[in-house]
Every structure is written in C-alpha cells, then in structure tokens.
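Colleague: Whatever this is, show me its structure:
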Amino acid sequence: MAEQTDTGRLIYGCMGLGGSWGDEPYTAQDIAVAEAAVEAALDSGINTFDHADIYRKGKAEAVFGEILGRDPELRKRIVVQTKCGIRLQDGDRPGIYDLRGTTIVERVEQSLARLRTDVLDVLLLHRPDPLADPDDVAEALTSLHRQGLVRRFGVSNMSAEQIAHLQRSLEMPLVANQLEMSLRQRGWVEAGVVVNTPQAAAVGFPLGTLEYCRANGVQVQAWGSLAQGRYSGRQETPDEQATARLVEALAKEKDTSPETILLWWLQRHPAGVVPVVGTVRPERIRACRDAATGEPRLSHEEWYDLWLTARGAPLP
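Modeller: Purely as a prediction, here's the structure:
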C-alpha cells in the first residue's frame with residue numbers, strides 16, 4: 001500500500017458517520033450517508049479522514065470500513081487518521097481517559113479491524129490521561145510502529161508542556177496536535193494578546209502551545225472549525241449575527257462560501273492550521289472546496305475585522 005504523508009489543507013472529520021450514539025447497529029442508510037459524505041470530501045480535494053475509536057461507539061470507523069471494503073483502491077488515495085484514549089461511560093461507570101500502553105495497542109487493533117485496513121497513517125492520543133506513564137506510552141507507540149500498524153503519531157487537546165513531556169520518552173516525532181479552534185472558540189489566538197492583562201486568567205488556552213508546534217514541526221489541526229454553524233447558519237447573539245453578516249459579505253465579495261471564509265480565517269494564521277470539517281451534509285462539505293484547493297484570500301485587515309467582530313470588544 002502506498003504511503004500517504006500529505007494531509008492537505010483540510011481534513012474531513014468522520015464523527016457524524018455511523019448513525020446514532022446508541023448501541024443499535026448501523027444501517028444501510030447510514031452507509032449511504034457516509035458514502036455521500038466521503039464522495040463530497042474527495043470531490044472537494046480532501047484526502048484525509050479523521051476518526052476516533054469512540055465515534056458513534058465505533059460505528060463511524062465500521063461504516064468507513066464498509067466503504068473501503070467496497071472500493072479497495074480508495075485506501076491507496078487517502079490518509080486515514082484515528083484517535084484513542086477515551087473510554088465512554090459504561091452503565092453506571094463514568095467515562096474516563098486511558099492511555100495505558102496495553103490499552104492503546106488493544107484499541108489500535110480494534111480500529112484496524114473496523115476500518116478494514118492493515119495500517120493507520122496517523123494515530124492521535126485523544127485526551128491527556130493524568131495517570132499515563134510517558135515511557136509506557138512510548139513503548140506501545142514504538143511497538144505499533146515497528147509492527148507496521150501505525151506510520152505516524154500525534155496528540156489531541158494537549159498543551160506544549162504535555163507534548164514535550166511525552167516527546168522526551170519517544171524517539172519518533174509527534175506530528176500533529178488537534179485542538180478546538182474556530183472564529184467562535186478563539187482562546188488559541190486570544191491567549192497571545194491578553195498577556196499581562198486582567199483577561200489572561202479567563203482565556204484558558206495554554207499560552208505557548210502554537211509556538212511550540214510551529215517550532216517543532218507539529219501540525220496544528222482545528223476541530224470544530226465551522227463553529228457549529230454559528231456564522232454560516234444559526235445565530236443566537238448580536239455578536240454572532242454581526243459576524244455572520246460580515247462573513248456573508250466577504251463571501252459574496254470573494255465569490256466563495258461563508259464556510260470557506262471561516263476556514264480561511266483559521267488557515268490565514270502562520271501556524272499553518274489545518275481545519276477539520278465535520279458536517280455530514282454533502283452540500284456543506286462542497287462549500288469548503290475553495291479552502292481545500294487554494295490559498296486563503298483574506299487580507300490582514302479582513303482577518304482582524306472578523307476577529308474583532310466575533311470578539312465583540314476591542315483588543316487590549
């Protein structure tokens with residue numbers, strides 16, 4: 001199987017595939033929905049598909065595996081990425097995080113079976129586990145790599161210090177960090193400008209994370225990139241309404257879609273942000289085409305206009 005290394009400008013997030021979050025099996029209709037979404041992503045220039053073992057209780061991976069089973073040649077054209085490290089609620093037992101080495105290996109083997117592939121291009125550790133031993137994690141990742149089961153590794157929802165702490169135990173470089181980032185979830189950009197102000201404590205995003213990723217070649221992936229439609233569909237506050245109007249105006253001016261404007265805002269940042277698009281609606285996936293196939297056409301001033309309008313307040 002040819003190795004895919006380039007994730008492209010956009011990633012398709014598969015969390016919406018596979019039907020419900022219940023225990024019932026997926027259906028033929030769920031497979032059809034997934035096929036339509038995958039086709040729209042490929043038509044839009046997206047070649048990377050992001051999963052997690054918990055999405056729809058494994059059904060997202062399984063439905064995708066059905067698609068790969070029907071078209072074996074497709075696997076050679078795409079990058080398959082999945083995540084592990086979260087254990088969902090089980091009866092009365094609440095959900096927890098689990099990055100023990102044995103658990104990682106077990107979850108990867110299960111993902112490979114559901115996805116009907118013999119190798120993962122990228123495995124991300126989904127959430128930080130306070131009980132994780134970096135040496136134990138590194139041993140598991142190294143074993144998976146040596147067996148040819150996983151090509152590259154990354155993390156999700158981790159700070160610079162957490163990545164560096166794990167990297168010290170791992171010979172292979174961590175290649176990605178997936179974070180919630182959008183025009184609505186702006187902590188990643190706010191953290192850099194509220195230093196030495198009273199607002200700094202309220203931001204929450206770990207300052208220095210983007211800088212660490214840029215300095216160490218860690219790709220920054222943005223989940224939730226379309227802000228759940230807040231600026232390209234429904235709006236609930238005056239700031240969201242004003243931002244949606246500006247997004248629409250810029251889209252018309254540049255002959256593109258509102259979704260593309262939102263993605264360009266992320267891509268315009270010099271950290272090289274790669275947004276993850278998670279909608280299952282083919283028309284909305286195709287609305288992202290310009291962000292997948294070309295450079296972001298936002299000026300310095302337009303980028304700030306979007307930020308300040310969504311912010312609803314001047315910079316400090």
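Colleague: How far off centre is the one helix or strand Ala32 maps to?
Modeller: Using DSSP states H and E, Ala32 maps to helix 28-43. Relative to the chain's own centre, helix 28-43 is displaced by 19 Å; criterion: Cα atoms, centre = their mean, to the nearest Å.
Colleague: hmm, who's touching that helix?
Modeller: Identification of contacts with helix 28-43 by Cβ atoms under 8 Å, 6 or more residues apart in numbering yields 12, 14, 16-19, 49, 59, 63-64, 66-67, 77-78, 277, 280-283, 285-286, 289. For every residue, glycine as well, the C-beta is placed using N, CA and C.
Colleague: Pull out the buried positions in it.
Modeller: Asp30, Ile31, Val33, Ala34, Glu35, Ala37, Val38, Ala40, Ala41, Leu42 (16 or more other Cβ atoms under 10 Å).
Colleague: Next secondary structure element downstream of that helix?
Modeller: The helix or strand immediately downstream of helix 28-43 is strand 48-50, counting by DSSP H and E.
Colleague: Return the list of helices and strands in contact with the helix or strand following that following strand.
Modeller: Tracing the chain C-terminally past strand 48-50 and defining elements by DSSP H and E, one meets helix 59-70 next. Judged by 3 or more Cβ pairs under 8 Å, 6 or more residues apart in numbering; DSSP states H and E, the packing partners of helix 59-70 are helix 28-43, helix 101-115.
Colleague: and those as TSV, adding mean pLDDT and distance to Arg186?
Modeller: Listed next are these as TSV, based on pLDDT from 0 to 100; distance: least, Cβ to Cβ, whole Å:
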stretch	mean pLDDT	distance to Arg186
helix 28-43	98	26
helix 101-115	98	32
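Colleague: Could you tell me which residues make contact with the residue nearest to Ala160 when sequence neighbours are not counted?
Modeller: Nearest residue to Ala160, sequence neighbours excluded (Cβ to Cβ, 6 or more residues apart in numbering): Tyr212, at 3.4 Å. Counting by Cβ under 8 Å, 6+ apart, Tyr212 makes contact with Ala160, Ile163, Ala164, Val218.
Colleague: All the strands of this structure, in order from the start?
Modeller: 11-13, 48-50, 79-84, 86-87, 96-97, 120-125, 150-156, 174-180, 219-223, 274-277 (DSSP state E).
Colleague: Compare those strands and report which one is nearest to Glu24.
Modeller: Closest of these to Glu24 is strand 86-87, at 20.3 Å (criterion: Cβ to Cβ).
Colleague: quick one on the thing from earlier: so can I have CSV of the buried residues of helix 28-43 showing distance to Leu112?
Modeller: Below are the buried residues of helix 28-43 laid out as CSV (distance: Cβ to Cβ, whole Å):
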residue, distance to Leu112
Asp30, 21
Ile31, 19
Val33, 23
Ala34, 18
Glu35, 21
Ala37, 22
Val38, 19
Ala40, 26
Ala41, 21
Leu42, 22
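Colleague: farthest-separated two in these?
Modeller: Spanning the widest gap among the buried residues of helix 28-43 are Asp30 and Leu42, at 18.8 Å by Cβ to Cβ.
Colleague: so Thr293 touches Ile46, yeah?
Modeller: No - Thr293 is beyond contact range of Ile46, at 9.4 Å (criterion: Cβ atoms under 8 Å).
Colleague: How far does stretch 22-36 sit from its chain's centre?
Modeller: Here the centre of stretch 22-36 is set off from its chain's centre by 22 Å, with Cα atoms, centre = their mean.
Colleague: Can you give me the first-to-last residue distance of that stretch?
Modeller: Distance across stretch 22-36, first residue to last, is 22 Å (Cα to Cα, to the nearest Å).
Colleague: still on that earlier bit, of Thr293 and Ile46, which one has the most company?
Modeller: Neighbour count, other Cβ atoms under 10 Å: between Thr293 and Ile46, Ile46 has more, with 25 against 13.
Colleague: Could I get the contacting residues of that one?
Modeller: Listed by Cβ under 8 Å, 6+ apart, the contact partners of Ile46 are Gly8, Leu10, Ile11, Tyr12, Val277, Ile285, Cys288, Ala292.
Colleague: Can you lay out these as TSV showing pLDDT?
Modeller: What follows is the contacts of Ile46, written out as TSV (pLDDT from 0 to 100):
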residue	pLDDT
Gly8	93
Leu10	98
Ile11	98
Tyr12	98
Val277	98
Ile285	98
Cys288	98
Ala292	97
